[in-house]
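J.: fold the following, please.
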Amino acid sequence: MEITEFGPDDHERVRRFVEVTNAVRRADSPWVHPMTEHECEGMLRHAWDGEPPVAFLATVDGVPIGTAELHTSEYDNLHLAWLDLAVHPEHRRRGHGSAILEAMTERALAQRRTSVGTGGWEADATRGFAERHGLGLRIKEINRRHFPAEVFFAARSYRA
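T.: Down below sits the predicted model:
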């Protein structure tokens, strides 16, 4: 596997990063909107807090199979690196995620980051991956979807 760092001006890698990201979203979180190349380039230039991540594309024989983002801050939490990792659904259960995690952890340690965090959707596969790598559950994020018309009409019929 080759893991290559890239930036927002590397349009070919941005395109491939977006393709893997969208395949992962379709499989794991179909309610999340697809990523666009414009969104990815903006994230790599600015992020949400002005400290963009370092992006990586993992390939095997030239085929994009995974992505990673290494998030660090220069103004707080100087001990922390946050890792976003993803493996294309067609290439899972082959050790790619573990190899990407190891490479990103080494990169974080090289930057003197002594704590590493990552996240994932609530799923058996996510829990299993975390447990295999000694990563404990520290926080839960919840994504709920409400349909206002259904809530409104349910509330009206309840009051009647």
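
J.: in which helix or strand does the closest residue in space to His71 that isn't next to it in sequence reside?
T.: Closest residue to His71 apart from its sequence neighbours, by Cβ to Cβ, 6 or more residues apart in numbering: Trp82 at 4.0 Å. C-beta: built from backbone N, CA, C; applies to glycine. Using DSSP states H and E, Trp82 falls within strand 80-87.

J.: helix or strand next in line after the longest helix along the chain, which one?
T.: The longest helix of the chain (DSSP state H) is helix 11-28. Moving toward the C-terminus from helix 11-28, the next helix or strand (DSSP H and E) is helix 37-45.

J.: please name the residues that touch the residue nearest in space to the middle of the chain.
T.: Centroid-nearest residue in the chain, with Cα atoms, centre = their mean: Asp84, separated by 3.6 Å. By Cβ atoms under 8 Å, 6 or more residues apart in numbering, the residues touching Asp84 are 53, 67-69, 71, 118-119.

J.: on that earlier part again, the residue nearest to His71 contacts Val54, correct?
T.: No: using Cβ atoms under 8 Å, Trp82 makes no contact with Val54, being 11.3 Å away.

J.: for Met104, see how far away the nearest residue to Arg132 once chain neighbours are set aside is.
T.: Spatial nearest neighbour of Arg132, excluding adjacent residues (Cβ to Cβ, 6+ apart): Ser98 at 7.4 Å. Per Cβ to Cβ, to the nearest Å, Ser98 is found 11 Å from Met104.

J.: if you count what's nearby, which of the two comes out ahead?
T.: When Ser98 and Met104 are compared for neighbours, Met104 comes out ahead with 23 against 14, by other Cβ atoms under 10 Å.
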